[in-house]
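Novice: only geometry, no sequence info:
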Ligand code: AMP
């Protein structure tokens, strides 16, 4: 099933202990689209300025991404983000965020983008996420990502957007911040209680009248991997153990691209925990490639064969046999 994504399309300036780039292709929607393009056709919605280059659009086209709903705003400037990482790459400081053409942007999705049955609301202002959600009322699976900035400055709008989706993908610290709960599992359970299984949705009903709200929560944990919480259970995978990480920028969006892309490619199956676990493995594998080089550099030349081999390795390193030990009483 094709996927529509809205989110930042950006130029990033990034400094890590291993080098820096002053102006590279980035943005949550871009990282997501490149990763998801390994599974399904992806349609990107969002604005760019006059300064956005044809070669950057070509990076997406080369992976078969449909960029016809990328709107060029004349006289506008492309979203810009500057960040710097600490020596162990675990801490990141945002030094500058310029919304540029996203300020006042009114999304108008083409009929083609509205038809997608899978929708990803990548990180951007929550109001924009909600507007795009309203324009794709019949989507069968909708996932959303966000960040601390929007929890800080647009919490109510974010809660409204979350109430309209099936799956929430956030960093573990952001899940804690959003719920005010210090424990990750109880934070995830709190959000599940807002959804269809919980019955205490704090905001509105879904635009199609059906009760929505997340029934799948993914907590991204950086170099430690990601955890999945659903009403049925819990699952966690470590990150693929790389010896060299160059630039973590976009790892979360690339994970989401692999995760949602895998689900979109398997919509003929029920959305079981078993399917979600396989999706987690594919998201984890894709994210591990993303961090091997700056920005989109590695994913641009990634092959399906490499992804398959890494998923296989992940499976091997996370298995253990079930023989119970004799325990002393
Ligand atoms: P990640 O490393 O997965 O958290 O995502 C990094 C990407 O998010 C970068 O390519 C940025 O362009 C983009 N980004 C940073 N801040 C924001 C923001 N406030 N809203 C939307 N996208 C952002």
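Specialist: Okay, I see it. Since the model is a prediction, treat every value here as computed from it, not as a measurement.
Novice: is it true that residue 49 touches residue 70?
Specialist: No: assessed by Cβ atoms under 8 Å, residue 49 is found out of contact with residue 70, at 11.3 Å. (Each C-beta comes from the backbone N, C-alpha and C, glycine too.)
Novice: Count the residues that sit near residue 297.
Specialist: Neighbours of residue 297 under the rule other Cβ atoms under 10 Å: 16.
Novice: Distance-wise, check it relative to residue 262.
Specialist: 23 Å (Cβ to Cβ, to the nearest Å).
Novice: residues from the stretch 51-200 of the chain in reach of the ligand?
Specialist: Contacts of the stretch 51-200 of the chain with the ligand, taken as Cβ under 6 Å from any ligand atom, map to 81, 97, 123-124, 147, 149.
Novice: filter those residues to the buried ones?
Specialist: Among these, those that count as buried by neighbour count (16 or more other Cβ atoms under 10 Å) are 81, 123-124, 147.
Novice: residues in contact with residue 315?
Specialist: Residues counted as contacts of residue 315 (Cβ atoms under 8 Å, 6 or more residues apart in numbering) are residue 281.
Novice: Is it correct that it falls within a helix?
Specialist: Yes: looking at residue 315 with DSSP: H, G, I helix; E, B strand; the rest coil, it is inside a helix.
Novice: From the ligand, how far off is it?
Specialist: As judged by Cβ to the nearest ligand atom, to the nearest Å, residue 315 and the ligand stand 24 Å apart.
Novice: Residue 273 now?
Specialist: 24 Å.
Novice: Quick check: closest non-adjacent residue to that residue.
Specialist: Distance criterion Cβ to Cβ, 6 or more residues apart in numbering; nearest residue to residue 273, sequence neighbours excluded, is residue 232 at 5.0 Å.
Novice: Can you get me a residue count around the one you found?
Specialist: 13.
Novice: Test for you: state the pLDDT assigned to it.
Specialist: Per-residue pLDDT puts residue 232 at 92.
Novice: For the helix of greatest length in the chain, buried residues please.
Specialist: Taking DSSP state H as the criterion, the chain has its longest helix at helix 273-290. Buried residues in helix 273-290, counted by 16+ other Cβ under 10 Å: 276, 278-290.
Novice: So what's the gap between the helix or strand just after that helix and the chain middle?
Specialist: Proceeding N to C from helix 273-290, the next assigned helix or strand is helix 297-300, under DSSP states H and E. Here helix 297-300 is found 17 Å from its chain centre; the criterion is Cα atoms, centre = their mean, to the nearest Å.
Novice: Show me what helix 297-300 packs onto, helices and strands only.
Specialist: helix 28-36, helix 273-290 (3 or more Cβ pairs under 8 Å, 6 or more residues apart in numbering; DSSP states H and E).
Novice: repeat that for 10 Å
Specialist: strand 19-26, helix 28-36, helix 54-62, helix 251-264, helix 273-290 (3 or more Cβ pairs under 10 Å, 6 or more residues apart in numbering; DSSP states H and E).
Novice: Pull out the buried residues from that helix.
Specialist: 297-299.
Novice: can you check stretch 180-199 too?
Specialist: 181, 184, 187-196, 198.
Novice: Need the max-distance pair from the residues you listed.
Specialist: 184 and 196 (21.7 Å; Cβ to Cβ).
Novice: quick one: the longest helix of the chain to helix 251-264, angle?
Specialist: Put simply, helix 273-290 runs at 140 degrees to helix 251-264, going by axes from the mean of the first three to the mean of the last three Cα atoms, to 10 degrees.
Novice: From the chain's centroid, how far away is helix 273-290?
Specialist: The answer for helix 273-290 is 12 Å, by Cα atoms, centre = their mean.
Novice: do the same with stretch 58-71
Specialist: The answer for stretch 58-71 is 18 Å, by Cα atoms, centre = their mean.
Novice: what about it, how long is it end to end?
Specialist: 15 Å (Cα to Cα, to the nearest Å).
Novice: before we move on, what about stretch 114-128?
Specialist: Start-to-end, stretch 114-128 (Cα to Cα) is 15 Å.
Novice: Flag every buried residue along that stretch.
Specialist: 114, 116-126, 128.
Novice: and the residues you listed, which of them are in helices?
Specialist: Per DSSP H, the subset of these in helices is 114, 126, 128.
Novice: Put together JSON lines for these, with pLDDT on each row.
Specialist: What follows is those, written out as JSON lines (pLDDT from 0 to 100):
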{"residue": "114", "pLDDT": "97"}
{"residue": "126", "pLDDT": "97"}
{"residue": "128", "pLDDT": "96"}
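Novice: Among these, which one sits closest to residue 11?
Specialist: Closest to residue 11 out of those is residue 128 (18.7 Å), distances taken as Cβ to Cβ.
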